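J.: sequence-free structure coming up:
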């Protein structure tokens, strides 16, 4: 098995991100009060609600990534890896910019850069495997 299939496998990336973000979202939901204290200088009940809601949204997106990685195969898996990568990059970038406007306590440009780079690699993995299904069918047609 070559490097492309070991490291840049969209199935593995989707499952890994699904598990990681499911754990992070659950933690954010269950510790909404603590999260709000870190995120805002003087948190209110509304801020706790925002943190818990963000945790719920994170869990929902994580469940979709996990399900996609476990159930979808072939070209559709590659397309979903690329599209979800783009959506997550846009969503996280916009969330970061909105957080900068209110001095959000979790905004860290270095952490954002690392996470966005990893998410971009998931998109690259989808692109690299986009035509795998066609390549597998070609020899069978000749035989």
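T.: Cool, got the structure. If you're wondering where the values come from, they're calculated on a predicted model, not measured in any experiment.

J.: Contacts only, for residue 48.
T.: 32-33, 35-36 (CB atoms under 8 Å, 6 or more residues apart in numbering). Backbone N, C-alpha and C define where each C-beta goes, glycine included.

J.: Drop anything exposed from those residues.
T.: 32, 35-36 (16 or more other CB atoms under 10 Å).

J.: a markdown table please, covering the residues you listed and showing pLDDT, distance to residue 16 and secondary structure.
T.: As requested, these are arranged in a markdown table below (pLDDT from 0 to 100; distance: CB to CB, whole Å; DSSP: H, G, I helix; E, B strand; the rest coil):
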| residue | pLDDT | distance to residue 16 | secondary structure |
| --- | --- | --- | --- |
| 32 | 94 | 25 | helix |
| 35 | 92 | 23 | helix |
| 36 | 94 | 28 | helix |
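
J.: Next one: residue 77 relative to residue 2, how far apart?
T.: Using CB to CB, to the nearest Å, one obtains 18 Å as the distance from residue 77 to residue 2.

J.: Next: residue 84.
T.: Going from residue 84 to residue 2 by CB to CB gives 24 Å.

J.: now do residue 52
T.: Plainly put, residue 52 is 43 Å away from residue 2 if you go by CB to CB.

J.: how many neighbours does residue 94 have?
T.: For residue 94, the neighbour count with other CB atoms under 10 Å is 10.

J.: Quick check: what element follows the host helix or strand of it along the chain?
T.: Take DSSP states H and E as the rule and residue 94 turns out to sit in helix 74-101. Going down the chain from helix 74-101, the next helix or strand is helix 109-128, by DSSP H and E.

J.: Now do the residue positioned nearest the centre of the chain, the pLDDT please.
T.: Closest to where the C-alpha atoms of the chain average out (CA atoms, centre = their mean) is residue 17, at 5.2 Å. Per-residue confidence (pLDDT) for residue 17: 95.

J.: likewise residue 136?
T.: We note a pLDDT of 51 for residue 136 in this prediction.
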